[in-house]
Each structure stands twice: as C-alpha cells, then as structure tokens.
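[1] I would like to see how this sequence folds:
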Amino acid sequence: MAVKPLDDRVLVKQCDAEEVTAGGIVLPDSAQEKPQRGIVSAVGPGKLLDSGERAKPCLKKGDEIFYAKYSGSEVKIDDEDYVILRESDVLAILG
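    Numbering: from 1, shown residues only. Here you go, the predicted structure:
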C-alpha cells in the first residue's frame, strides 16, 4: 500500500525495541520501551507557509532518525509498525 504523508509529516518505520540491556539482561515484552528510532519511508511535500509557498523538507527517504518519545501516531501498514509524525518532532538524523 502506498502512503503519502501530507504537509510537513513523515512516515517512519519503527526499529525493533531493545530486547537485551547493555548488561545482558533479557527484557520481557512488558518491560520494553517504545522505540524512538526509525527509518524514514516517505516524506510529505513540506509545510505550507503564510506566503503560499512550501518549505523544503529537511528529511529524505532512507534517513535514520531519532524522534521524540511520545510524538506522532502509530499505524500498522501491511503488518509493519510505522509512526506518522511532524518533521519538527524529529530530534536528530543519524549518520
């Protein structure tokens, strides 16, 4: 299914939650934190400015990012977990 985000939103495929801590402790599903890292799958055309023009998005498809913990809306597309969030909720691009 093709999904095209609107305005300044991005579609992000969530990375898997950490199942083992740095110390080697295996975490059950109930103790795993929601991932804050993902890969951009689609980018909207950009935020519509007051002048009627669109701001160019800073992100592109394939970027690996960190995003704010409780931001965006979780969706399931073709049995995969995604998050749709605003570009301003992205904290950093990795790499």
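[2] The most centrally placed residue in the chain and residue 65, how far apart?
    Nearest residue to the geometric centre of the chain (CA atoms, centre = their mean): residue 12, 3.4 Å. As judged by CB to CB, to the nearest Å, residue 12 and residue 65 stand 7 Å apart. Placement of C-beta: from N, CA and C, glycine included.
[3] Find residues that contact each of those two.
    Overlap between the neighbourhoods of residue 12 and residue 65 consists of 38-40, taking contacts as CB atoms under 8 Å, 6 or more residues apart in numbering.
[4] Just give me the closest of the residues you listed to residue 85.
    For the shared contacts of residue 12 and residue 65, the closest approach to residue 85 (CB to CB) belongs to residue 38, at 9.3 Å.
[5] and that closest one, how many neighbours?
    Residue 38: 23 surrounding residues under other CB atoms under 10 Å.
[6] what's the closest non-adjacent residue to it?
    Beyond its immediate neighbours in the sequence, the residue positioned closest to residue 38 (CB to CB, 6 or more residues apart in numbering) is residue 12, lying 3.9 Å away.
[7] go on, residue 6?
    Ranked by CB to CB, 6+ apart and with sequence neighbours excluded, the top spatial neighbour of residue 6 is residue 44, at 5.3 Å.
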